[in-house]
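A.B. asks: the amino acid sequence is not available; the structure is as follows:
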């Protein structure tokens with residue numbers, strides 16, 4: 001992998017990562033890495049056949065094949081994202097499924113979804129979405145408002161602060177610190193996943209129904225590959241905020257590439273799953 005030029009196009013608004021096919025592939029890789037914890041969280045929701053589910057910040061539909069199976073042909077899957085190209089990829093992913101649910105997509109930021117009436121959905125899913133919101137409390141209130149009585153809000157987000165090299169390589173820790181500093185410079189909290197239960201309380205929603213934290217240790221080659229992809233996606237922000245120069249970012253990437261060839265383990269972000277149920 002080679003780093004994209006730091007002048008590459010990236011999104012506006014609150015999403016600080018690049019929008020490109022390479023970035024979509026990184027998102028698909030994340031789904032595979034944390035698939036067991038995601039499956040466990042979806043299983044906790046119980047049968048979803050025939051339900052209406054809203055996937056907020058759905059991106060390229062990374063979870064849609066799995067959700068389609070769970071919802072079945074009588075279910076409805078609604079996807080929301082500000083990236084039209086990602087939504088298009090998501091629609092393609094459902095083509096050819098024999099028992100796909102009814103699909104509807106919404107190309108709009110959260111605050112412009114006035115056409116979505118309150119109390120419509122059995123499940124609202126926000127995977128790696130609240131992480132990118134500058135006002136997570138207001139975001140959670142908005143998400144909860146779309147639930148029917150007794151409906152469930154499922155939040156899946158990362159705690160990036162735990163990432164490290166178990167063998168103490170300074171270059172890995174430096175890359176993690178740069179990425180977290182880039183998030184923080186945009187007003188985002190690298191520990192947002194762990195803080196979701198407290199944010200629900202701050203939003204006036206009360207306690208979560210359940211919380212699950214999944215940590216992962218990856219072989220150094222896979223863990224560093226994931227870290228390099230994130231560093232690449234954040235390179236524009238890192239350089240623009242003066243956290244590191246383009247030259248320094250590329251030098252660090254080369255060092256990481258060399259480290260990846262040796263045996264060892266890397267701890268990647270924890271995925272935190274939080275479920276909240278609307279009052280009956």
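C.D. replies: Alright, I've got the coordinates. These numbers come from a predicted model, not from an experiment. Residues are numbered from 1 along each chain as shown.

A.B. asks: so, low pLDDT: which residues of this structure?
C.D. replies: By pLDDT under 70, the low-scoring segments of the chain are 1-14.

A.B. asks: mind doing that once more with 50?
C.D. replies: Per-residue confidence for the chain (pLDDT under 50) gives these ranges: 1-12.

A.B. asks: which stretches in it count as strands?
C.D. replies: Listed in chain order, the strands of the chain (DSSP state E) span 52-56, 76-81, 102-107, 121-127, 147-159, 164-165, 210-219, 265-277.

A.B. asks: each with direction, which strands does the second one pair with?
C.D. replies: Translated: strand 76-81. Strand 76-81 sits in its sheet next to strand 52-56 (parallel), strand 102-107 (parallel), going by DSSP bridges.

A.B. asks: now do the fourth one
C.D. replies: Strands that pair with strand 121-127, judged by DSSP bridges, come out as strand 52-56 (parallel), strand 147-159 (parallel).

A.B. asks: could you check the angle that strand makes with strand 265-277?
C.D. replies: 160 degrees (axes from the mean of the first three to the mean of the last three Cα atoms, to 10 degrees).

A.B. asks: contacts for strand 121-127?
C.D. replies: By Cβ atoms under 8 Å, 6 or more residues apart in numbering, the surrounding residues in contact with strand 121-127 are 38, 45, 48, 51-57, 62-63, 67, 78, 143-144, 146-148, 151-157. From N, CA and C alone the C-beta is placed, and that goes for glycine too.

A.B. asks: pick the most deeply packed of the strands paired with strand 121-127.
C.D. replies: Highest mean neighbour count among the strands paired with strand 121-127 (mean count of other Cβ atoms under 10 Å): strand 52-56, with a mean of 24.

A.B. asks: tell me which residue is most central in this structure.
C.D. replies: residue 128 (2.2 Å; Cα atoms, centre = their mean).

A.B. asks: nearest to residue 247, out of the strands of the chain?
C.D. replies: Proximity to residue 247 (Cβ to Cβ) singles out strand 164-165 among the strands of the chain, at 23.0 Å.

A.B. asks: tell me the helices and strands packed up against that closest one.
C.D. replies: helix 170-185, strand 265-277 (3 or more Cβ pairs under 8 Å, 6 or more residues apart in numbering; DSSP states H and E).

A.B. asks: the first one - contacts with which helices or strands?
C.D. replies: In this case it means helix 170-185. Using 3+ Cβ pairs under 8 Å, 6+ apart, helix 170-185 sits against strand 164-165, helix 220-240, helix 246-259.

A.B. asks: who wins for proximity to residue 105 among these?
C.D. replies: Closest to residue 105 of these is helix 220-240 (Cβ to Cβ; 23.3 Å).

A.B. asks: surely residue 144 and residue 155 touch.
C.D. replies: No - look at residue 144 against residue 155 with Cβ atoms under 8 Å: they stay out of range, at 10.5 Å.

A.B. asks: which neighbours do these two have in common?
C.D. replies: Listed contacts common to residue 144 and residue 155 are residue 276; contacts here mean Cβ under 8 Å, 6+ apart.

A.B. asks: state the number of residues packed around the closest residue to residue 73 other than its chain neighbours.
C.D. replies: In space, residue 73 comes closest to residue 99 once its chain neighbours are excluded; the distance is 4.7 Å by Cβ to Cβ, 6 or more residues apart in numbering. Residue 99: 12 surrounding residues under other Cβ atoms under 10 Å.

A.B. asks: and residue 99, how far is that from residue 47?
C.D. replies: Distance, residue 99 to residue 47, by Cβ to Cβ, to the nearest Å: 15 Å.

A.B. asks: cool, residue 213 as well?
C.D. replies: Taking Cβ to Cβ, one finds residue 213 at 25 Å from residue 47.

A.B. asks: more neighbours: which of the two?
C.D. replies: More neighbours surround residue 213 than the other of residue 213 and residue 47, with 14 against 10 (other Cβ under 10 Å).

A.B. asks: for that one, list each beta-bridge partner.
C.D. replies: Per DSSP bridges, the residues bridged to residue 213 are residue 272.
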